[in-house]
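K.L.:
Sharing a model prediction with you, sequence too.
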Amino acid sequence: MAKMKTRKAVAKRFKVTATGKLKHHRARKSHLLSKMSSKSKRQLRGDKTVKNCDVKRLKKMLP
């Protein structure tokens, strides 16, 4: 039987936590930040967990 392949694009963007949840970086935090208010930049800090409707599909891509 062939090995299961990992979707490398998904592996770069999502990480699995110790409890099995998926986390990802938030969007809109890479450039053109001078236009953005300090409050909105502060709220984009840290990682966020993936919504339940997407978890099953993403975990198939990360064997």
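P.N.:
Arrived safely. Quick caveat, the model's predicted, so the values are computed rather than measured. Numbering: from 1, shown residues only.
K.L.:
low-confidence ranges in this protein?
P.N.:
Filtered on pLDDT under 70, the chain yields no residues whatsoever.
K.L.:
where exactly do the strands run in it?
P.N.:
The residue ranges that make up the strands of the chain, judged by DSSP state E, are 14-16, 22-25, 47-49.
K.L.:
can you give me the helices in this structure?
P.N.:
Under the criterion DSSP state H, the chain contains helices at 8-13, 38-43, 52-61.
K.L.:
now what about the first one, what contacts it?
P.N.:
Okay, so that is helix 8-13. With contacts defined as Cβ atoms under 8 Å, 6 or more residues apart in numbering, helix 8-13 is touched by 24, 25, 58, 61, 62. For glycine as for every other residue, the C-beta is placed from the backbone atoms N, C-alpha and C.
K.L.:
biggest separation within the residues you listed, which pair?
P.N.:
Pairwise distances across the contacts of helix 8-13 peak at 17.1 Å for 25 and 61 (criterion: Cβ to Cβ).
K.L.:
For residue 48, state which of the contacts of helix 8-13 is nearest.
P.N.:
Using Cβ to Cβ as the measure, the one of these that approaches residue 48 most closely is residue 24, at 6.2 Å.
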